[in-house]
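K.L.:
Kindly generate the corresponding structure for this input.
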Amino acid sequence: MAAQILRGSIVALRVRWRAGLLMRSKLLSWRGLAVGVAVLIGGMAALAAAVPDVRWRLDVIGLKLGGHLPEVPALDLARWLMPGSPVYLGQLNTHSTTAESGILNVFTDDAAYAKRGEEHYRRVCAACHGLEGGGGSAPSLQAFIERASDWAFFSTAKWGRKDTAMAPQPLSEREIWEVHSYLSVKGRAWAREAARKRASVAPKIDVPFTRLLNAAEHPEDWLMYSGDLLAHRHSRLDQINRHNVHNLRVAWAAQLRPATKPLAATPLVVNGIMFVTEAPDGVVALDARNGRELWRFTRAIDASKLPVCCGAFNRGVAVLGSRVFVATLDAWLIALDAATGRRLWEVQVADYRAGYSMTTAPLVLDGQVVVGVAGGETGIRGFLAAFSVADGKRLWQFDTVPGPGQPGHDTWAGDSWKTGGASTWSLGAYDPKLDILYWSTGNPWPPFDNRSRQGDNLYSNSIIALAPKTGKLLWHFQLTPADVHDWDATQQLILADITWQGEKIPAALMASRNAFYYALDRRTGKFLYGRPFVKQTWAKGLDAKGHPIREPDTLPTEDGNLVYPWLHGGTNWWPPSYDAKRHLHFVPTVDAATLYFRVDQKLKPGTMTMRGTTLLATNRPAVMAVKALDPDTGAERWATRLDQGDFHQYARITGLLSTDGGLVFAGFMERLSILDADNGKELWTFRPGALVNAGPAAYAIDGVQYFAIIAGNVLYAFSLPPHEAPAAASAAAPPAGR
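P.N.:
Numbers count the residues shown, from 1 in each chain. You can find the predicted model right below:
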């Protein structure tokens, strides 16, 4: 029946076309052709609806005609669309628009395929790559299979690699897949055996939620991205202190996989095992004593095809129970076995083709993993979501751009809410006593022009408080309504108690990108106070409810307006630190101005459409500093300048870490520094030879304290010399102040 529909459509087209020629009438000819094409399209549509195998083939052709699949030659694609082809393209319709993740070996588990593949391998490949693929005069194919996609293996074998010794192989396409099946089967067997051996000698990983609730009481481990659920980024370790920090030296260094920008992850340490992400597509477990690799998980991602605004970043993992959780750049959440790196489950959080990505570390609560999404520059509709630790089931989702019927929807003009932005790409905090989850949100879209989205644009640039079991909104506070300067409010929140008007208040504290330091009552969201912590010229101040009182003529214009702070803000995602004993909030800051321009652009969701641009004011040097702020008042207690100049990018500033040893670990450009927590004096400096853009961690093993941080793509661990470490703990100076 389907074949008859197609034949009938083609015959109708031929008849109409010939009729046009015979009548020698251009008008009738074009009309006849149009009718014929319409009949053909209708017939093929009916055929596609009736025959699924035709439907996906039409979709693949559409992808190719639309500019996708450039890595697949047109003639080969035509052959592979034929029934019986050894290269199956059906996954491209539902899973991906790239060959890298959409063209798979569908016979990986076929024993007969693997058996024939072993024969082909020994005949063609074993002489160079070893008898079982472990490597010889050529690299290990087992290692290649472990980290590479099916397509990478197939295309390398079929066409070779330019400018290398790897030539096209004398194998048919089916034989290439058979070899891949053999190596996959062999590799899984090796991986199981290696995992068994690792599990038999590796420390047991079992982190119950009760331990995370009391993370500060386990300073020997660094259990989460922010150190604890209150996001203090403070360690109670005091072996390394202001009296001996000048003797700090490199204990070990581990080379991570190359990246286009400095890696930004904070390593986690549990029972002597360190877990760290390698952007854009991997997690590695190391022995925290010496940096020796224990296992590595990789998942093929072509970052060049993803709609990321600022680079292929990943800021780390989360651990709960015996599982490690990682959010991927193409918006999937993956659970791994902490002992072996084996994938347990994965779930798609959002569709990257709509502009979504994920760069943040997850936050784990009791039985759930909470993750945010990036894409505020590509016209997404932001959200925050929680997933089951056990199986990845989505438990709840809170939309940060309210839809029709939801509170706040009237703050978006027209249909602008559908692509409003308000991403959630930083990390939240949790108050276990109040049982409230706090998160901060990013800019509305487009970032530099609000004419298409008139209104305050809730809940962009806001702090939101949610019930963690349901995702229900409890309260919100918007820092920059109707933002036109791209000042995401995705800075790290600190949960701490402050004294306000003679009363002890549980507060949520934020040094925001818009240059104001805020204190809110975290029970209700009530505004307590706000004051600038760097120079700002866009607002006269904040009113009694914390709303900004805008200065006139500070919006982006076609000719440009000079405004403080600069595009990347008074601070950014670089996580701050809070020392409860000293009652000081340490913040990485930048004093700089930017010329803000508005540019007319057609809005195209899913792409980087900013409707504006910026230019750093070069006659006003940017100043990078670490500042200590008093949470009770927002007053500056000290400031240490790390550098000044015309630096244009923000991927060269570290997060902070404070300790009971009276230290603050910081970094900028190609320099790591440790400061005195009481006065900001620089006590130690190390130049790793690469840009720094990650958050540090502190941990201890066998009585020895370490600092760990990534510079470029090298993970460094620092400690005192062995003869100093055991006796050093008693030398820590008592904290100043409270």
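K.L.:
which parts of stretch 63-73 are buried?
P.N.:
Leu63, Lys64, His68, Leu69, Val72 (16 or more other CB atoms under 10 Å). Where C-beta positions appear, they are placed from N, C-alpha and C, glycine not excepted.
K.L.:
let me redo that: stretch 261-280
P.N.:
261-270, 272-280.
K.L.:
Among those residues, which lie within strands?
P.N.:
Using DSSP state E, the members of those that fall within strands are Leu268, Val269, Val270, Ile273, Met274, Phe275, Val276, Thr277, Glu278.
K.L.:
Of all pairs in these, which one is the farthest apart?
P.N.:
Using CB to CB, these reach their maximum pairwise distance at Val270 and Glu278, which is 18.2 Å.
K.L.:
the helices in the stretch 51-200 of the chain, which residues?
P.N.:
Here the stretch 51-200 of the chain has its helices, by DSSP state H, counting those that start in this stretch, at 52-65, 74-80, 91-94, 99-102, 111-124, 126-129, 141-147, 150-159, 173-201.
K.L.:
If you average pLDDT over each of the ones you listed, which is lowest?
P.N.:
Looking at the helices of the stretch 51-200 of the chain, the lowest mean pLDDT belongs to helix 91-94 (a mean of 70).
K.L.:
possible to save the buried residues of stretch 63-73 as TSV with distance to Gly471?
P.N.:
Formatted as TSV, these follow (distance: CB to CB, whole Å):
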residue	distance to Gly471
Leu63	35
Lys64	40
His68	35
Leu69	38
Val72	41
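K.L.:
wait, which of those is closest to Asp456?
P.N.:
His68 (38.4 Å).
K.L.:
distance of the closest one from Ser155?
P.N.:
Distance, His68 to Ser155, by CB to CB, to the nearest Å: 16 Å.
K.L.:
Could you do Gly321 as well?
P.N.:
39 Å.
K.L.:
Assign a three-state SS to Lys433, would you?
P.N.:
Counting by DSSP: H, G, I helix; E, B strand; the rest coil, the backbone at Lys433 sits in coil.
K.L.:
That one: neighbouring residues, count only.
P.N.:
Neighbour count for Lys433, taken as other CB atoms under 10 Å: 7.
K.L.:
secondary structure class for the closest residue to it other than its chain neighbours?
P.N.:
Leaving aside its chain neighbours, Lys433 sits nearest to Pro506 (8.0 Å; criterion: CB to CB, 6 or more residues apart in numbering). Following three-state DSSP, the label given to Pro506 is strand.
K.L.:
So in terms of bridging, what pairs with Pro506?
P.N.:
Here Pro506 sits in beta bridges with Asp497, going by DSSP bridges.
K.L.:
how much space is there between it and Tyr578?
P.N.:
Going from Pro506 to Tyr578 by CB to CB gives 14 Å.
K.L.:
what does Pro447 give?
P.N.:
30 Å.
K.L.:
Mind pulling up the pLDDT for the residue nearest in space to the middle of the chain?
P.N.:
For the chain, the residue lying nearest the average C-alpha position, counting by CA atoms, centre = their mean, turns out to be Thr359 (0.9 Å). pLDDT for Thr359: 91.
K.L.:
cool, His232 as well?
P.N.:
Here the pLDDT value assigned to His232 is 98.
K.L.:
so Phe707 bridges to which residues?
P.N.:
Under the criterion used (DSSP bridges), Phe707 bridges to Ala698, Phe718.
K.L.:
Pro219: neighbouring residues, count only.
P.N.:
20.
K.L.:
Double-check Glu220 against Ala697; I have them as touching.
P.N.:
No: checked against CB atoms under 8 Å, the pair Glu220 and Ala697 is beyond contact range at 11.8 Å.
K.L.:
neighbour count winner among the two?
P.N.:
The neighbour comparison of Glu220 against Ala697 (other CB under 10 Å) goes to Ala697, with 30 against 18.
K.L.:
Now do the same contact list for the more buried one.
P.N.:
Trp222, Gly227, Thr266, Pro267, Leu268, Val269, Leu657, Phe707, Ala708, Ile709 (CB atoms under 8 Å, 6 or more residues apart in numbering).
K.L.:
now do 6 Å
P.N.:
Residues in contact with Ala697, defined by CB atoms under 6 Å, 6 or more residues apart in numbering, are Trp222, Thr266, Pro267, Ala708.
K.L.:
mind putting those in JSON lines, distance to Arg641 and pLDDT included?
P.N.:
Formatted as JSON lines, those follow (distance: CB to CB, whole Å; pLDDT from 0 to 100):
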{"residue": "Trp222", "distance to Arg641": "28", "pLDDT": "98"}
{"residue": "Thr266", "distance to Arg641": "25", "pLDDT": "96"}
{"residue": "Pro267", "distance to Arg641": "28", "pLDDT": "97"}
{"residue": "Ala708", "distance to Arg641": "26", "pLDDT": "98"}
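K.L.:
and which of those residues is nearest to Leu642?
P.N.:
Taking the contacts of Ala697 together and measuring to Leu642 by CB to CB, the closest member is Thr266, at 19.5 Å.
K.L.:
Now do the SS call for the residue nearest to that closest one when sequence neighbours are not counted.
P.N.:
Nearest non-adjacent residue to Thr266, counting by CB to CB, 6+ apart: Gly695, 3.7 Å away. Put simply, Gly695 is coil when judged by three-state DSSP.
K.L.:
distance of Gly695 from Ala708?
P.N.:
10 Å.
K.L.:
what's the neighbour count on Ala112?
P.N.:
Residues near Ala112, counting by other CB under 10 Å: 10.
K.L.:
any residues touching stretch 162-177, and which ones?
P.N.:
With contacts defined as CB under 6 Å, 6+ apart, stretch 162-177 is touched by Pro86, Val87, Asn105, Phe107, His120, Val124, Phe154, Ala157, Trp159, Gly160.
K.L.:
Wait, the fifth one touches Val179, no?
P.N.:
Read that as His120. Yes: contact criterion CB atoms under 6 Å: His120 and Val179 qualify, at 5.1 Å.
K.L.:
These two: which is more packed in?
P.N.:
Counted by other CB under 10 Å, His120 and Val179 do not tie: Val179 has more neighbours, with 29 against 20.
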